[in-house]
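In: Sharing a sequence plus its predicted fold:
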Amino acid sequence: MNANRALELLWRDGRRPARGPQRGLTLDRVVRAAIEVVEADGLAALSMRRVAQHLGVGTASLYTYVPGKTELEALMLDAIGADDPLPHERPGDWRAKLEGWARADWVEFRAHPWVLHLANQAPAPGPNLLRWIDSALRVFDGTGLSEAEKMAAVESVDAYVRGLARQHLDQPEPDPEQDRLLVELVDFTRYPHLLRALRAGVRPWSGDQFEFGLQRLLDGIEALIDTRSAPSEGDS
């Protein structure tokens with residue numbers, strides 16, 4: 001991707017109508033159409049030609065608004081979720097706000113898996129992304145965390161949600177036949193701790209550990225915040 005071209009679109013042209021030959025067509029409409037294509041048919045279906053067909057215009061017309069597909073992907077990534085509540089706007093204290101944001105993203109990433117794929121490719125930060133980061137850092141106002149710790153906390157929670165969402169999406173559906181073969185072929189008494197877990201109804205790679213991991217991550221951040229507010233020995 002030409003990051004400079006994407007940045008110019010995101011910051012210079014991306015928030016006002018772009019001039020072009022098609023009456024009523026703007027850059028924002030092009031981006032919305034691209035998202036509609038991907039939502040309907042998947043990321044593999046995205047092309048300038050397919051978006052043009054969706055809009056009912058010639059493919060050449062789109063190049064007046066966006067240089068190419070990769071720049072369009074950067075605009076799509078910045079646009080998705082732009083109307084969702086920002087982290088600091090969610091109710092409750094810092095922990096409740098992070099829980100609300102993390103759970104919303106967990107649902108969003110699984111409902112729109114193409115966002116995860118684009119997030120790993122597009123290096124151009126747009127206005128909505130920077131607004132979100134600013135809001136996420138604001139959640140930690142008054143906690144006593146340093147700026148570096150605030151950023152690390154935000155990125156840790158974000159990485160956890162993204163990573164588990166990607167694992168969930170990449171994981172195939174359970175195969176009853178494979179389970180039957182495992183029971184038939186494997187002597188699970190050789191793996192007593194795993195056998196104990198299986199008998200308790202716990203299955204590895206089940207993808208249902210989101211809440212457990214989130215709470216333990218937030219517990220760690222809370223413990224750090226507590227050290228900032230705890231009196232030092234000299235104060236006692």
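Out: All right, it came through fine.
In: quick one: contacts for the closest residue to Arg95 other than its chain neighbours?
Out: Nearest residue to Arg95, sequence neighbours excluded (C-beta to C-beta, 6 or more residues apart in numbering): Leu218, at 5.6 Å. Heads up, the C-betas are built off the backbone N, CA and C, glycines and all. Residues counted as contacts of Leu218 (C-beta atoms under 8 Å, 6 or more residues apart in numbering) are Arg95, Leu98, Glu99, Val157.
In: Among those residues, which one has the most neighbours?
Out: Neighbour tally across the contacts of Leu218 (other C-beta atoms under 10 Å): the maximum, 23 neighbours, falls on Leu98.
In: right, and the helix or strand after the helix or strand harbouring Val38?
Out: Assigned by DSSP states H and E, Val38 belongs to helix 27-41. Along the chain past helix 27-41, the next helix or strand (assigned with DSSP H and E) turns out to be helix 48-55.
In: List the buried residues of the one helix or strand Lys97 maps to.
Out: Counting by DSSP H and E, the element that carries Lys97 is helix 94-111. Residues of helix 94-111 classed as buried: 94-95, 97-102, 104-106, 108-109 (neighbour count, 16 or more other C-beta atoms under 10 Å).
In: which strands and helices sit next to whatever helix or strand comes next after it?
Out: Remark: after helix 94-111, the chain's next helix or strand is helix 113-119, criterion DSSP H and E. Packing partners of helix 113-119 (3 or more C-beta pairs under 8 Å, 6 or more residues apart in numbering; DSSP states H and E): helix 69-79, helix 94-111, helix 147-170.
In: and the angle for the shortest one with helix 48-55?
Out: Yep, that's helix 69-79 we're talking about. In terms of direction (axes from the mean of the first three to the mean of the last three C-alpha atoms, to 10 degrees), helix 69-79 departs from helix 48-55 by 50 degrees.
In: And the pLDDT at the closest residue to Arg228 other than its chain neighbours?
Out: Once flanking residues are discounted, Arg228 sits nearest to Gly144: 2.9 Å by C-beta to C-beta, 6+ apart. Gly144 is assigned a pLDDT of 95 by the prediction.
In: burial measure for Pro192, as a count.
Out: Neighbour count for Pro192, taken as other C-beta under 10 Å: 9.
In: Redo the contacts of Leu218 as JSON lines? Include distance to Arg190 and pLDDT.
Out: Putting these into JSON lines (distance: C-beta to C-beta, whole Å; pLDDT from 0 to 100) gives the following:
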{"residue": "Arg95", "distance to Arg190": "42", "pLDDT": "97"}
{"residue": "Leu98", "distance to Arg190": "41", "pLDDT": "97"}
{"residue": "Glu99", "distance to Arg190": "40", "pLDDT": "97"}
{"residue": "Val157", "distance to Arg190": "38", "pLDDT": "97"}
